[in-house]
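[1] Sharing a model that was predicted from the sequence below.
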Amino acid sequence: SMQELNIQGKKVAVFGLGDQVSYAENYADAAGELHDVFETLGGQMCGYTSQDGYEHEASKSVRGDKFCGLLCDMVNQEELTEERVKNWVAQLRAEGFLEGGTTAAAAAAATTTIAAQEEPQAVFEAIEEHSDMLDETIKAHAGSTGYTPYHNPTTKSTMWVSGDGRSCYYTTDVQSSYSP
């Protein structure tokens with residue numbers, strides 16, 4: 001479980017995807033929730049980004065006047081994603097995030113950040129590669145996450161709906177590759 005991670009003093013950065021128009025009142029809330037878990041576990045949080053250029057109304061990902069990590073909207077602002085990723089990777093370098101010190105404790109985040117040293121495309125490939133790990137963790141704890149899974153065997157995808165019905169996300173059973 002995430003609560004068992006030993007990340008005390010380790011640098012941690014979060015990122016998230018969301019639809020800031022359709023979900024303007026809770027844009028990328030999950031990134032904020034992950035941030036809080038990692039921070040509570042003693043992680044040294046890095047990678048805060050400006051809210052400038054976004055159209056959301058509210059988000060659990062806001063800390064002060066910034067987002068608690070990189071947030072991308074592949075629905076409404078896909079054309080801005082590559083530049084945002086490049087800027088974020090440069091920012092993480094400047095913050096010393098990419099100078100070692102990561103552990104398997106934050107496997108998906110660490111692997112993604114290591115991949116980010118190469119090119120933004122590597123970030124998307126690493127996210128895709130490690131999304132199965134997140135999917136399996138979510139499935140294993142489905143009853144405790146507050147999300148109910150609805151599997152579609154035809155599309156080999158699962159829609160996860162929050163208990164209040166206000167948010168959902170999708171996972172797939174098959175590997176696919178990102179193509180910008």
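    Nice, thanks for sending it over.
[2] By mean pLDDT, point me to the weakest helix or strand of the protein.
    With mean pLDDT, DSSP states H and E as the measure, the helix or strand of the chain carrying the lowest mean pLDDT is helix 107-116 (a mean of 41).
[3] how deep is residue 173 tucked in, by neighbour count?
    Around residue 173 there are 13 other residues, counting by other C-beta atoms under 10 Å. Every C-beta, even on glycine, is put in place using the N, C-alpha and C of the backbone.
[4] Can you verify my assumption that it contacts residue 158?
    Yes - with contacts counted by C-beta atoms under 8 Å, residue 173 reaches residue 158, the gap being 7.4 Å.
[5] Name the residues that touch whichever helix or strand residue 14 is part of?
    Using DSSP states H and E, residue 14 sits in strand 11-17. Around strand 11-17, the neighbours that count as contacts under C-beta atoms under 8 Å, 6 or more residues apart in numbering are 28, 30-31, 34-35, 38-39, 43-47, 61, 68-74, 88, 92, 95-97, 101-102, 106, 109, 112-113.
[6] From those residues, list just the buried residues.
    Burial by neighbour count, 16 or more other C-beta atoms under 10 Å: within the contacts of strand 11-17 this picks out 28, 30-31, 34-35, 38-39, 43-47, 61, 68-73, 88, 92, 97, 102, 106, 109, 112-113.
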